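*Asks:* Here is a sequence with its predicted model. Questions after.
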Amino acid sequence: MEKARPNGLTALCILSWIWMAIALLSVFSEINTGRLTEADIRAQKIVLLESQTEETLEFNSWMVNDTIEMLYISSNNFTTMVVINLAAILLGLAGVLLMFQLRKLGYHLYIIYSILSVSYWVYYFHGLNMGWFFIGFSAGFAILFVILYGTQLKKMT
């Protein structure tokens, strides 16, 4: 007799698929847009600066600087970053699919996906305040979902 998939595992898988589908659309959008040129970055910088008041700029100048630096980092490492993102997302999708099929191998693939996702942010953006925000956000959700999926392991083969 086939094991029944717990509702909690089904819900986790659906949430993961939604998140990864959004991330996949973002990667495809990046690929479609292509590498940012110096002119693109300059235009985004102007839009960013024009959208700020003087008071906001005084208080949040680090955020503007970090955003611009992130644009340069992303432009300079475009191909590598897209490939890493795409590979990690596909690995995550495979892991979630396997867990959905009640296979423990999926959990291990999901852990690798989580490590890759956090490592991506650490490697490229660790020197920026906004980078640390994204690292914390990514690590927090990775840990949460690894723990939540871990509670479902006993129901997998």
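*Replies:* Perfect, thanks for sending it.
*Asks:* going forward, measure contacts between C-alpha atoms and count neighbours the same way
*Replies:* OK.
*Asks:* For this structure, which segments count as helices?
*Replies:* 7-33, 38-50, 54-76, 78-100, 105-125, 129-150 (DSSP state H).
*Asks:* Counting by contacts, list what the fifth one packs against.
*Replies:* To tie it back to what came earlier, the one meant is helix 105-125. helix 78-100, helix 129-150 (3 or more Cα pairs under 8 Å, 6 or more residues apart in numbering; DSSP states H and E).
*Asks:* tell me the contacts of the residue nearest the centre of the chain?
*Replies:* When Cα atoms, centre = their mean is applied to the chain, the residue found nearest the centroid is S117 (5.6 Å). Applying Cα atoms under 8 Å, 6 or more residues apart in numbering, we find S117 in contact with 85, 88, 138.
*Asks:* switch the cut-off to 10 Å
*Replies:* 84-85, 87-89, 92, 111, 135, 138-139, 142 (Cα atoms under 10 Å, 6 or more residues apart in numbering).
*Asks:* just V82 next, same as before
*Replies:* Applying Cα under 10 Å, 6+ apart, the residues near V82 are 26-28, 30-31, 34, 74, 88.
*Asks:* Check the residues you listed and tell me the two furthest apart.
*Replies:* The span of these, defined through Cα to Cα, is set by G34 and A88 at 19.4 Å.
*Asks:* quick one, which of these two is more surrounded?
*Replies:* Applying other Cα atoms under 10 Å to G34 and A88 shows that A88 carries more neighbours, namely 23 against 13.
*Asks:* What sits closest to the more buried one if chain neighbours are left out?
*Replies:* Y113 (5.3 Å; Cα to Cα, 6 or more residues apart in numbering).
*Asks:* who are the neighbours in contact with the one you found?
*Replies:* With Cα under 10 Å, 6+ apart, Y113 has these contacts: 85, 87-95, 107, 119, 142.
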